[in-house]
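>>> sequence? don't have it. structure:
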């Protein structure tokens, strides 16, 4: 017991003298009590009861410094999040195949294919998919669309992309083209179409020229070998992967046609930006109220006549129209703007459409095989809008359209109509028009007739 007191007294002197730091007091006291307990041979916690442990407040200890990451150098971006793996299906629609079949070969989920077709329908119906059309589909493994591109031709392209929320955006792409002015001139050998094609240009150019002069020249049968034509037009080029590709003729800027029916010249001019048309050199519009013919025909099987022997009835009677023979199903168009006042069966006329025009004129289109979609009583139609198709309904011996015209209720000969020229250039635009006209006419008349595609 005396040893225990001696030890306790010694520890007390050390604490009072400051030899032991307060932070070590508890540990030292514990060691001392443990030693005394061992010396006395204590066998239970009761031996420690007379010596209670005094709890002392420890010395405040500064917290260990926190680990702060070093700042990233300026201008160095954090590494991007890894993008999900994408799948790409691209190829060409083969002969006898469909787009669905082509995508199935690339393991595209049927549900994704069905939605692509459904979302694209407002801009392109895949029932029109043909051999050679190209596609490229990017999607996730879960079948989520990233993008879908479909190319019908170098100039006709469509694209489908995700929009807001669950919507998709379908649109036709505008393909940037380079336009160059070119000149083509020559003589007709058999037809305007053949002659332009022989000079190395697309028949589309011949179609466009014929459309410009459709009010003055019947290009189906009014063209003769030796007729002269001159055209200034745009050639359209597409640049892809650094390669320049000629895709076809663009807008006709000026044209002249000289034949046994006369000489006709037209230039393109825009009185307002984006709204242009074709005008004669004197500034009057080439457009007239009526076209020369309502159909691209093979021959005229019967002309306007006060007395004609009817091939079916076997009697002589007036024929107040012109019969244009053409293959079954050839489109028939309205010769002028107007309103449909009859559509239906009309006895010997068969299937008949009648259109009322300005100035008291009414045009007739008889013996049709069927009517065009959307044509109904009261429909408003535009010049050269298809209203029906060639047939032989009613009293007819073969496929043709009987074209008639009345004015004030009386029949008139369509070929003898003298319809005035269209609206002229307004006075405020006259100076500008003459500048454009002079430039185009100078380009239109080279020293000699040649075929060329050089930029002008």
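Now that the structure is in, tell me what you want to look at. Everything numeric in this text was worked out from a predicted model, so none of it was measured.

>>> Now do the buried residues in stretch 157-173.
Neighbour-count burial for stretch 157-173, counted by 16 or more other Cβ atoms under 10 Å, picks out 157, 158, 159, 160, 168, 170. Any C-beta I mention is one placed from the backbone N, CA and C, and that applies to glycine too.

>>> Quick check: chain neighbours aside, which residue is closest to the fourth one?
The reference is to residue 160. residue 148 (4.1 Å; Cβ to Cβ, 6 or more residues apart in numbering).

>>> Might one say that that neighbour is in contact with residue 137?
Yes: contact criterion Cβ atoms under 8 Å: residue 148 and residue 137 qualify, at 5.0 Å.

>>> follow-up on the earlier one: then the residue nearest to residue 160 would be within a strand, right?
Yes: assessed with DSSP: H, G, I helix; E, B strand; the rest coil, residue 148 lies in a strand.

>>> OK, contacts around it?
Going by Cβ atoms under 8 Å, 6 or more residues apart in numbering, residue 148 touches 116, 120, 135, 136, 137, 138, 159, 160, 161.

>>> Would you reformat these as CSV and include secondary structure and distance to residue 126?
Listed next are the contacts of residue 148 as CSV, based on DSSP: H, G, I helix; E, B strand; the rest coil; distance: Cβ to Cβ, whole Å:
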residue, secondary structure, distance to residue 126
116, helix, 8
120, helix, 7
135, strand, 10
136, strand, 15
137, strand, 13
138, strand, 18
159, strand, 14
160, strand, 11
161, strand, 17
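
>>> Max pairwise distance over those: which two?
120 and 138 (15.2 Å; Cβ to Cβ).

>>> When those two are compared, which one has more neighbours?
Taking neighbours as other Cβ atoms under 10 Å, residue 120 and residue 138 compare with residue 120 leading, 20 against 15.

>>> Look up phi and psi at the residue lying closest to the more buried one once chain neighbours are set aside.
Once flanking residues are discounted, residue 120 sits nearest to residue 170: 5.0 Å by Cβ to Cβ, 6+ apart. When read as degrees, to the nearest 10, the backbone of residue 170 gives phi -110, psi 130.

>>> how about residue 170, what does it touch?
119, 120, 122, 123, 124, 158, 159, 160.

>>> again, 10 Å this time
116, 118-124, 148, 150, 158-161, 163 (Cβ atoms under 10 Å, 6 or more residues apart in numbering).

>>> ditto for residue 177
So residue 177 contacts 154, 155, 234, 235, 236, 237, 238, 239, 247, 248, 250 (Cβ under 10 Å, 6+ apart).

>>> separation between the third one and residue 258?
Summarising the geometry, the distance separating residue 234 from residue 258, computed by Cβ to Cβ, to the nearest Å, is 23 Å.

>>> who's more crowded, the two?
Higher neighbour count among residue 234 and residue 258: residue 234, with 18 against 15, using other Cβ under 10 Å.

>>> So which of the contacts of residue 177 wins on neighbours?
Of those, with other Cβ under 10 Å as the count, residue 235 tops at 22 neighbours.

>>> Restricted to strands, list the contacts of residue 177.
234, 235, 236, 237, 238, 239, 247, 248, 250 (DSSP state E).

>>> Assign residue 209 to helix, strand or coil.
helix.

>>> on that earlier part again, okay, and the common contacts of residue 148 and residue 137?
Joint contacts of residue 148 and residue 137 (Cβ under 10 Å, 6+ apart) are 89, 103, 112, 116, 160.

>>> neighbour-wise, which of these leads?
Result: residue 116 is most packed of the shared contacts of residue 148 and residue 137 (other Cβ under 10 Å), 24 neighbours.

>>> and residue 429, what does it touch?
With Cβ under 10 Å, 6+ apart, residue 429 has these contacts: 269, 270, 271, 272, 283, 436.

>>> who's in contact with the first one?
By that I understand residue 269. Contacts of residue 269 (Cβ under 10 Å, 6+ apart): 253-254, 276-279, 283, 285, 425, 429, 432-437, 440.

>>> One more pass at 6 Å, please.
279, 433, 436 (Cβ atoms under 6 Å, 6 or more residues apart in numbering).

>>> What of residue 235?
Residues counted as contacts of residue 235 (Cβ under 6 Å, 6+ apart) are 180, 182.

>>> Thank you kindly, that will do.
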